[in-house]
Structures are given as C-alpha cells and as structure tokens.
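1. when you get a sec, could you give me coordinates for this:
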Amino acid sequence: MKKYRLKSTLEKATTLNRRKFLHGKSVVSEKKKRLAKVREQMNAEIVNFLERDDNSRMLPGKNDAVKSGAGKVQKRI
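-> Now for the predicted structure:
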C-alpha cells in the first residue's frame, strides 16, 4: 500500500483509520455500533413503510387494538 500510495484510498474505502489502531480502541466494537445504528434505521423505515395506508389497512373493530408503550394502536394487515 505504501509503495503505490493507496493508504488514504484504503482508509476511505474501509472506513478504518490507522490512527484508530494507535489509541487501542477496538475496531470491531465500533463496527458493531455502526451496524446496530444501520439496523435500527432500516427497521424504522420498514415499520413506517408498512404502517402507511397504501401498503396496509387497519382492522375496524374495537377489539382489534393492541396496547403499546404509547397507548392503544389498531392492528394492521
């Protein structure tokens, strides 16, 4: 890498920085944190997509409600 001057290109492509290794921080734990954030965002996007009226419909009955942390929410199909 040094011979072909590709250090910065490699750092940009892998999002791993050589300075991070000097401080003794675990790269694996940082990668897990990033993946967890990506998963949370993707799950939120999926839930928002499926809760839209053009992608699902609400059940009409009073007994079709489910208790959640924010109160009662109608079930969707």
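
2. after the helix ranked longest in the chain, heading C-terminal, what element do we hit next?
-> When the chain is parsed with DSSP state H, its longest helix is helix 27-51. Going down the chain from helix 27-51, the next helix or strand is strand 65-68, by DSSP states H and E.

3. so which elements touch that following strand?
-> Helices and strands touching strand 65-68, by 3 or more C-beta pairs under 8 Å, 6 or more residues apart in numbering; DSSP states H and E, are strand 71-74. C-betas here are computed from N, CA, C, even on glycine.

4. check which residues of the strand it packs on are buried.
-> Residues of strand 71-74 classed as buried by neighbour count (16 or more other C-beta atoms under 10 Å): none.

5. return the distance of the host helix or strand of residue 13 from the chain's centre.
-> Taking DSSP H and E as the criterion, residue 13 maps to helix 7-14. Relative to the mean C-alpha coordinate of its chain, helix 7-14 is positioned 23 Å out (C-alpha atoms, centre = their mean, to the nearest Å).

6. that older thread, the longest helix of the chain - what's its average pLDDT?
-> Helix 27-51 carries an average pLDDT of 88.

7. next, the angle helix 7-14 makes with it.
-> 40 degrees (axes from the mean of the first three to the mean of the last three C-alpha atoms, to 10 degrees).

8. rewinding a little: now do the helix holding residue 13, average pLDDT.
-> Helix 7-14 comes out at a mean pLDDT of 79.

9. hmm, residue 62 and residue 75 touching each other?
-> No - using C-beta atoms under 8 Å, residue 75 is not in contact with residue 62; the gap is 11.3 Å.

10. nothing else from me, thank you.
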